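Enquirer: quick one: sequence plus predicted model below, questions after.
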Amino acid sequence: MKKKLEKTLAMSVLLALGSTGCVFAAPTAEDTDARIAALEQQQQELAKELKALKSENKKLKNQSNSQKKQITGMKNSVNEALNRFSLHGFGRASWDNDNIKGYIDKNDNNRYYLDLEGKFQVNKDWSFNFQSETNHRYKHLVQEDGTAKYHQGHDDSDGVIQRVWAEGKVGVVNVDIGRRWRGLGFQNVLLGNETDGVVLSTPIPGSKLTGKAFVLTPTDAGYDFTLMGVGVQGQVGHGLQVSLAAVKTNISRNDRMGENVYDDKTPHDPRHNTAGSFGYVLSAMWNPMKNIFLIGDYARTNMKPYDTAWDSWMPAEQQHRVRQGNDYMTFRVNYRWSNINDPGSFQLYSRYYNYSSNENDLVGMFGDKEWGLLQPGSHGWVFGFKYVPAKNIEWETMYEYATAHNGLWNKKNETYHRHFLRTQVDYHF
């Protein structure tokens with residue numbers, strides 16, 4: 001039975017193969033030509049497809065390169081725009097304790113403060129700049145005469161752009177024009193205030209000095225005079241730098257320098273000229289040994305010193321008179337310098353100052369009182385330190401002990417001991 005089944009299957013296979021001729025039939029010439037033609041046609045179609053793919057690939061590569069160029073161009077444009085504009089400044093939290101006597105807010109510098117500065121790079125030689133300051137005081141206004149009231153949260157000057165100026169160069173001459181804060185000397189005794197005007201400066205050949213000429217007008221309300229002068233600053237010896245300036249005003253010693261816009265009178269009382277018609281500052285900074293720096297400023301005007309009395313209606317022998325002077329000096333000793341990029345760095349300093357009394361409460365011609373720290377009509381010592389606990393954060397604390405004149409109108413002949421403590425933290429960005 002098994003053998004019979006095997007024979008039947010064998011016969012079936014032979015019959016199937018014989019009927020199709022697929023395995024054992026010999027190919028003819030026509031079959032070969034047909035196959036060659038079919039392969040050639042397929043090859044041509046593949047070649048066309050390959051050519052089309054290569055063309056498409058080329059287009060895609062060109063598009064990709066174009067997109068890369070566009071992206072690179074956009075990046076360059078964005079980077080160029082970003083490089084042409086920069087912001088920097090610092091925020092401050094400050095606390096004071098001050099027993100100052102006069103029409104001055106004892107809490108004026110208990111505040112949060114923001115100094116925001118921007119620069120627009122016009123081209124390789126010129127930039128345009130702005131500065132915005134914001135002061136938020138968090139304690140009541142308190143004066144020696146008993147005046148006490150709430151501080152406003154802010155005023156119209158907070159958060160606006162108060163100062164704009166351009167900086168650039170024409171050949172070897174540097175140009176600074178517009179409204180900004182400017183100073184003369186290393187400690188800004190003769191001048192340290194916001195001004196309108198222009199400063200031209202240039203290196204002095206054959207030296208490490210820079211010479212400058214300027215025309216500047218203080219912007220404080222009620223003042224109407226202009227300062228014109230020349231100066232020089234730079235290194236003159238090993239570790240020794242100087243900053244010298246001579247200044248002339250556009251008013252004479254007998255002219256008024258403005259009016260008192262705060263006296264609630266119509267018209268306002270004139271301001272006597274307490275800046276004089278000429279002044280100068282001699283300022284130097286010396287590094288005699290490692291980590292020790294000595295800084296000194298002496299400023300003087302040609303205002304004729306005189307006595308003033310709050311009770312001038314009284315007989316001369318009964319008047320209470322205060323000497324109005326015309327010279328101002330301050331000296332400082334630094335041990336090391338703090339560096340906001342170097343956490344752990346610190347500075348210790350001590351200062352002595354002696355400022356003449358001034359009817360308009362000015363230092364020099366319009367010097368810097370350092371947020372109320374150094375007042376005219378007083379002399380004394382300041383001791384302080386700066387410390388950098390973290391990058392871009394600086395903590396400063398100072399204490400002042402001074403002999404000062406009372407600022408109240410009927411007590412200006414009296415002196416008292418001023419005790420002043422300030423601590424503040426700056427956050428630079």
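Expert: Thanks, I have the structure now. Note that the structure is a prediction, hence the values are computed from the model and not measured.
Enquirer: how far off centre is whichever helix or strand residue 57 is part of?
Expert: Under the criterion of DSSP states H and E, residue 57 resides in helix 29-83. In terms of CA atoms, centre = their mean, to the nearest Å, the centre of helix 29-83 is set 55 Å apart from its chain centre.
Enquirer: and residue 197, how many neighbours?
Expert: For residue 197, the number of neighbouring residues by other CB atoms under 10 Å comes to 20. From N, CA and C alone the C-beta is placed, and that goes for glycine too.
Enquirer: assign it to helix, strand or coil.
Expert: The local conformation at residue 197, judged by DSSP: H, G, I helix; E, B strand; the rest coil, is strand.
Enquirer: mind listing what it touches?
Expert: By CB atoms under 8 Å, 6 or more residues apart in numbering, the residues touching residue 197 are 177, 182, 214, 215, 216, 217, 226.
Enquirer: turn these into TSV, columns for distance to residue 377, neighbour count and pLDDT.
Expert: Converted to TSV, the contacts of residue 197 look like this (distance: CB to CB, whole Å; neighbours: other CB atoms under 10 Å; pLDDT from 0 to 100):
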residue	distance to residue 377	neighbour count	pLDDT
177	35	15	98
182	25	21	98
214	28	21	98
215	30	16	98
216	25	23	98
217	26	17	98
226	26	15	98
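Enquirer: just give me the closest of these to residue 242.
Expert: residue 214 (17.3 Å; CB to CB).
Enquirer: which residue packs closest to that closest one, ignoring adjacent ones?
Expert: residue 199 (4.4 Å; CB to CB, 6 or more residues apart in numbering).
Enquirer: what's across from the one you found in the sheet?
Expert: Beta-bridge pairing for residue 199 (DSSP bridges): residue 176, residue 214.
Enquirer: from what I see, it and residue 183 are in contact.
Expert: No. The criterion here is CB atoms under 8 Å, and residue 199 misses it with residue 183 at 11.1 Å.
Enquirer: from what I can see residue 219 touches residue 194, true?
Expert: Yes. Look at residue 219 against residue 194 with CB under 8 Å: they come within range, at 4.9 Å.
Enquirer: residue 421: how many residues sit nearby?
Expert: 13.
Enquirer: so it bridges to which residues?
Expert: With DSSP bridges as the rule, residue 421 is bridged to residue 97, residue 399.
Enquirer: so what pLDDT did it get?
Expert: The model reports residue 421 with a pLDDT of 98.
Enquirer: so how far is residue 42 from the closest residue to residue 138 other than its chain neighbours?
Expert: In space, and not counting its chain neighbours, residue 138 is closest to residue 110: 5.9 Å by CB to CB, 6+ apart. Per CB to CB, to the nearest Å, residue 110 is found 92 Å from residue 42.
Enquirer: compare these two (neighbour count), which wins?
Expert: Neighbours per residue, other CB under 10 Å: of residue 110 and residue 42, the larger number sits with residue 110, 19 against 10.
Enquirer: wait, is residue 159 part of a helix?
Expert: No. Counting by three-state DSSP, residue 159 is located in no helix; its state is coil.
Enquirer: which residue packs closest to it, ignoring adjacent ones?
Expert: Nearest one to residue 159, counting by CB to CB, 6+ apart, is residue 134 at 4.9 Å.
Enquirer: so the one you found, which state does it fall into?
Expert: strand.
Enquirer: hmm, back to that, save the contacts of residue 197 as a markdown table, and put in distance to residue 240 too.
Expert: Formatted as a markdown table, the contacts of residue 197 follow (distance: CB to CB, whole Å):
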| residue | distance to residue 240 |
| --- | --- |
| 177 | 31 |
| 182 | 24 |
| 214 | 24 |
| 215 | 29 |
| 216 | 27 |
| 217 | 33 |
| 226 | 32 |
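Enquirer: let me know the closest of those to residue 237.
Expert: Nearest member of the contacts of residue 197 to residue 237, counting by CB to CB, is residue 214, at 25.7 Å.
Enquirer: pull the contacting residues for that closest one.
Expert: 182, 197, 198, 199, 200, 227, 228, 229, 230, 231.
Enquirer: the same query, at a cut-off of 7 Å, please.
Expert: 197, 198, 199, 229 (CB atoms under 7 Å, 6 or more residues apart in numbering).
Enquirer: from residue 380, how far out is the residue nearest to residue 138?
Expert: Taking CB to CB, one finds residue 110 at 22 Å from residue 380.
Enquirer: tell me the spacing between residue 358 and residue 332.
Expert: From residue 358 to residue 332 the distance is 21 Å (CB to CB).
Enquirer: the more surrounded of these two?
Expert: Neighbours were counted for residue 358 and for residue 332 using other CB under 10 Å; residue 358 has more, 21 against 18.
Enquirer: find the nearest non-adjacent residue to that one, please.
Expert: With CB to CB, 6+ apart, the residue lying closest to residue 358 is residue 376, at 4.2 Å.
Enquirer: quick revisit: gap between the residue nearest to residue 214 and residue 48?
Expert: 76 Å.
Enquirer: kindly report the same for residue 403.
Expert: 103 Å.
Enquirer: ok, now residue 321?
Expert: 112 Å.
Enquirer: higher neighbour count, these two?
Expert: residue 321 (15 against 10).
Enquirer: wait, the more buried one sits on residue 306?
Expert: No. With contact defined as CB atoms under 7 Å, residue 321 does not count as touching residue 306 (9.5 Å).
Enquirer: next, residue 377: phi, psi?
Expert: Backbone geometry at residue 377, expressed as degrees, to the nearest 10, gives phi 80, psi 20.
Enquirer: and residue 388, what does it touch?
Expert: 338, 339, 340, 342, 343, 344, 345, 346, 394.
Enquirer: hmm, the residue nearest to residue 214 is touching residue 212, no?
Expert: Yes. Using CB under 7 Å, residue 199 makes contact with residue 212 at a distance of 5.9 Å.
Enquirer: would you check how far apart the nearest residue to residue 102 once chain neighbours are set aside and residue 106 are?
Expert: Spatial nearest neighbour of residue 102, chain neighbours left out: residue 407 (2.1 Å); criterion: CB to CB, 6+ apart. If you measure residue 407 against residue 106 using CB to CB, the figure is 12 Å.
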